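> Curious how this folds, go ahead:
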Amino acid sequence: MDCAKGVGARIAQPNKPINKIRGLLRVHRLLPLLIAVPTTAGTGSEVTLAAVITDDETHYKYPINDFVLIPRFAVHDPEFARSARLHYGADGHGRPDACRRGLYRLGRSNERRLGHSQYM
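I've put the predicted structure just below:
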């Protein structure tokens, strides 16, 4: 999902290399439609404004944080989430209910913003 967010940021800012978009609120333009389909249960990336990008040459990881990185739609398959929890544990990475907390935070931030995300 972070890769998709990074690609969207580059599409929104075609004249800026990805490392020039790193940091807080540097994308400044709407991304193309991004529909998040989580492949592990509980990471919460589908409801966050963050992406972590790794530079292939230096192996340095840096964040890109902007409200436009929050996907407009998130598609959750309850059966897949159940099977992922059985396979990986409470969530994919040992952080129980991170997705629930992320959805709560998104709901709170949507009270201050004009409904950027919708959930199916």
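> quick one: pLDDT of the residue nearest to P71 when sequence neighbours are not counted?
Spatial nearest neighbour of P71, excluding adjacent residues (C-beta to C-beta, 6 or more residues apart in numbering): A36 at 3.8 Å. The C-beta positions use only the backbone N, C-alpha and C, and glycine is treated the same way. Per-residue confidence at A36 stands at 89 (pLDDT).
> and A36, what does it touch?
Neighbouring residues of A36 by C-beta atoms under 8 Å, 6 or more residues apart in numbering: 1, 4, 45-46, 71, 73-75.
> Ok, A4 next?
A4 neighbours (C-beta under 8 Å, 6+ apart): 34, 36.
> Make sure it is indeed in a helix.
Yes: A4: assigned to a helix according to DSSP: H, G, I helix; E, B strand; the rest coil.
> got the CA positions of stretch 23-35 in PDB?
C-alpha atoms of stretch 23-35 as PDB (Å, rounded to 0.1, in the frame of the first residue of the first chain):
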ATOM      1  CA  GLY A  23       8.300  14.600   5.100                       C
ATOM      2  CA  LEU A  24       5.100  16.300   6.200                       C
ATOM      3  CA  LEU A  25       2.500  17.900   3.800                       C
ATOM      4  CA  ARG A  26       4.700  18.100   0.700                       C
ATOM      5  CA  VAL A  27       2.400  16.400  -1.900                       C
ATOM      6  CA  HIS A  28       0.000  19.300  -2.000                       C
ATOM      7  CA  ARG A  29      -2.100  17.900  -4.900                       C
ATOM      8  CA  LEU A  30      -4.900  15.300  -5.000                       C
ATOM      9  CA  LEU A  31      -3.800  11.800  -6.000                       C
ATOM     10  CA  PRO A  32      -5.600   9.700  -8.600                       C
ATOM     11  CA  LEU A  33      -8.300   7.400  -7.100                       C
ATOM     12  CA  LEU A  34      -6.700   5.100  -4.600                       C
ATOM     13  CA  ILE A  35      -8.700   2.100  -3.400                       C
END
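> List the buried residues for it?
Going by neighbour count (16 or more other C-beta atoms under 10 Å), the buried part of stretch 23-35 is 27, 31, 34.
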